[in-house]
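J.: Structure of the sequence below:
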Amino acid sequence: MKARRATADDAAAIASIYAPYVQASVVSFETEAPDEAEMRRRIEAGGDLYPWLVACDDDGSVTGYAYACAFRARPAYRFTVETSVYVADGAHRRGIGTLLYRALLPVLEAQGFAQAIAAITLPNEASVRLHERLGFRQIGTYERVGFKFREWRSVGLWQRELALLSTRPEEPKPVAMVWKG
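T.: Residues are numbered from 1 along each chain as shown. Got it, this is the predicted structure:
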């Protein structure tokens with residue numbers, strides 16, 4: 001199994017992986033599963049600044065994906081990213097989430113991002129363990145902020161430092177300048 005940069009051609013596979021999280025779980029607060037066209041738009045919107053990666057089996061099948069996106073829209077947040085990882089139904093406990101994060105986090109570090117934030121719907125022990133194993137630490141909780149499937153859900157926030165903080169940080173570099181995959 002290996003991780004590689006996602007392309008727009010991966011949109012259908014990514015949409016297929018994500019759909020069960022939207023339709024049958026509270027992991028995602030979306031209520032309508034995005035289709036292939038929307039996933040293609042999201043991948044392309046990341047441009048060369050916000051990486052999307054996929055994990056592939058030996059036969060090339062996409063088994064999971066991870067990405068980074070802007071944490072918030074205001075310019076002062078530009079050194080912080082929000083990260084997410086999703087694994088295909090039936091492919092859990094094979095190390096795919098770890099593989100993806102071990103590929104994504106060094107890219108973000110090399111790009112010059114300072115912090116990574118992960119928002120995890122609670123409870124979700126598997127995601128908490130994954131993030132903490134990879135150096136994220138819990139920094140807070142938004143209490144009962146999402147309403148899905150007739151229940152209020154809380155969201156825990158996990159943060160990981162990606163670089164030493166500087167009073168003169170360089171602007172984050174494009175993925176193409178640092179990708180070694």
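J.: Show me what the worst-scoring helix or strand of the chain on mean pLDDT is packed up against.
T.: When the helices and strands of the chain are scored by mean pLDDT, DSSP states H and E, helix 175-178 comes last with a mean of 94. With contacts defined as 3 or more Cβ pairs under 8 Å, 6 or more residues apart in numbering; DSSP states H and E, the packing partners of helix 175-178 are helix 96-111. Placement of C-beta: from N, CA and C, glycine included.
J.: So which residues make contact with the helix it packs on?
T.: With contacts defined as Cβ atoms under 8 Å, 6 or more residues apart in numbering, helix 96-111 is touched by 1-3, 49, 51, 53-55, 63-68, 81, 83, 85, 87-88, 116, 130, 133-135, 160, 162-163, 172-175, 177-179, 181.
J.: Just checking, which helix or strand succeeds it along the chain?
T.: As assigned by DSSP states H and E, the chain's next helix or strand after helix 96-111 is strand 115-122.
J.: and that next one, which strands flank it?
T.: Using DSSP bridges, strand 115-122 pairs in its sheet with strand 80-87 (parallel), strand 151-161 (antiparallel).
J.: for those, which one ends up most surrounded?
T.: strand 80-87 (a mean of 21; mean count of other Cβ atoms under 10 Å).
J.: Pick out the residue nearest the middle of the protein.
T.: By Cα atoms, centre = their mean, the chain has its centre lying nearest to Ser84, at 1.8 Å.
J.: hang on, the earlier thing: residues in contact with the least confident helix or strand of the chain?
T.: In contact with helix 175-178 (Cβ under 8 Å, 6+ apart) are residues Arg5, Asp48, Leu49, Tyr50, Pro51, Val107, Ala110, Gln111.
J.: Could you count how many residues lie near Ser28?
T.: Neighbour count for Ser28, taken as other Cβ atoms under 10 Å: 19.
J.: doesn't it fall inside a helix?
T.: No. Counting by DSSP: H, G, I helix; E, B strand; the rest coil, Ser28 falls outside a helix, being coil.
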